[in-house]
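Visitor: Sequence and predicted model, in that order:
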Amino acid sequence: MKNLLLESHCIFPTPDIVKTANFYEQKMGFKAVQYLEANEPHICLYRDTTEIILTNSNGQKVIPNRNLYGYGYDAYFITQNQEELQEEFNNSKVKIVRSLGDTDYNNKEFVVEDIDGRWIGFGIKSRLK
């Protein structure tokens, strides 16, 4: 039997997990479930079949990958119907940092910035070469 990886969850440390959770609920359509009384307090954010887990950064500010390494997103979600999703986020006043387009690595994607400065891509392979 082959060992399979089934899902992946993003883990985002943040200085204020409640404030960040509110952003994802109110602006990006996620549902938050709080586990603030757990030994390791966290909030799980759910949308469709995806999950983001917010943890406490103990006061340290978020440093996005592009600032640490010169480029790169902090999360990437495979999705379809990017036009509608980008419009939804636009209507919710989510900051779109890269509008929907084709990349030089054959993805059709757009990128948003969350309340903590993370860049999150939403895309799918547009064609195989």
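Guide: Great, that's in hand. All values derive from a computational prediction rather than experimental measurement.
Visitor: the strands in this protein, which residues?
Guide: 10-14, 31-35, 42-47, 50-56, 75-78, 95-102, 107-113, 119-125 (DSSP state E).
Visitor: Around Ala75, count how many other residues there are.
Guide: For Ala75, the neighbour count with other CB atoms under 10 Å is 18. All C-beta atoms are positioned from the backbone trio N, CA, C, and that covers glycine.
Visitor: quick one: contacts of stretch 18-26?
Guide: The contact list for stretch 18-26, computed with CB atoms under 8 Å, 6 or more residues apart in numbering, reads 12, 14, 30-32, 34, 43, 45, 52, 54, 92, 114-116.
Visitor: Dump the strands of the chain to TSV, plus mean pLDDT.
Guide: Below are the strands of the chain laid out as TSV (pLDDT from 0 to 100):
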stretch	mean pLDDT
strand 10-14	97
strand 31-35	98
strand 42-47	98
strand 50-56	97
strand 75-78	96
strand 95-102	97
strand 107-113	96
strand 119-125	95
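Visitor: In this structure, where's the longest helix?
Guide: Longest helix in the chain, counting residues (DSSP state H): helix 17-28.
Visitor: beta partners of Ile78?
Guide: Going by DSSP bridges, Ile78 is paired in beta bridges with Gly123.
Visitor: For it, give its distance to Phe122.
Guide: 8 Å (CB to CB, to the nearest Å).
Visitor: Looking at these two, which is more packed in?
Guide: The residue with more neighbours, out of Ile78 and Phe122, is Phe122; 23 against 12, by other CB under 10 Å.
Visitor: Check whether the more buried one really touches Phe110, as I assumed.
Guide: Yes - Phe122 is within contact range of Phe110, at 5.7 Å (criterion: CB atoms under 8 Å).
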